[in-house]
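*Asks:* following is a predicted model, sequence given first.
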Amino acid sequence: MREFQQREEINYDDWLKKEQEFHEEQEKIRSKLRIEQERYQPVDYFIEAVLVYKGKKTIPNDVQYMKNPELIIKKLTTAQLQRCLEEAELQKSEEGTRLKKTTASSKPSGSTSST
């Protein structure tokens, strides 16, 4: 009986992790769509700047906000600024997860870390 509960807890934890990953991916897709359709939320300006920096997007015609991001920040309410921070953290965590996966997959098999 205890083994069954342990398996169920593991399954539930896996499900929660997949659920979180799904929502993170959906937020990223929503942001990309808003950028493509020029329906920017405040965080999208920063995400677009990162995409330009990484070479995944060309520099838009109106680059004033890229030169002076404080222009955007000064116009935000406290609630908008909080939402922007939350979305930026989500994007950051998603990028970190991808970097960890890339790094782990590029290690030769059988290698161990020496820490």
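*Replies:* Nice, I can see it.
*Asks:* can you tell me how far residue 9 is from residue 20?
*Replies:* Per CB to CB, to the nearest Å, residue 9 is found 17 Å from residue 20. Glycine gets a C-beta too; all of them are placed from N, C-alpha and C.
*Asks:* residues contacting residue 74?
*Replies:* With contacts taken as CB atoms under 8 Å, 6 or more residues apart in numbering, residue 74 has no neighbouring residues.
*Asks:* for it, what is the enclosing helix or strand?
*Replies:* Of the helices and strands defined by DSSP states H and E, residue 74 is found in helix 70-75.
*Asks:* buried residues, that helix. List them.
*Replies:* Buried positions in helix 70-75, judged by neighbour count with 16 or more other CB atoms under 10 Å: residue 72.
*Asks:* for that helix, what is the average pLDDT?
*Replies:* Per-residue pLDDT values across helix 70-75 average out to 81.
*Asks:* middle-most residue in this protein, spatially?
*Replies:* Most central in the chain under CA atoms, centre = their mean is residue 91, positioned 1.8 Å from the mean C-alpha point.
*Asks:* quick check, that residue in contact with residue 44.
*Replies:* No: using CB atoms under 8 Å, residue 91 is not in contact with residue 44; the gap is 10.1 Å.
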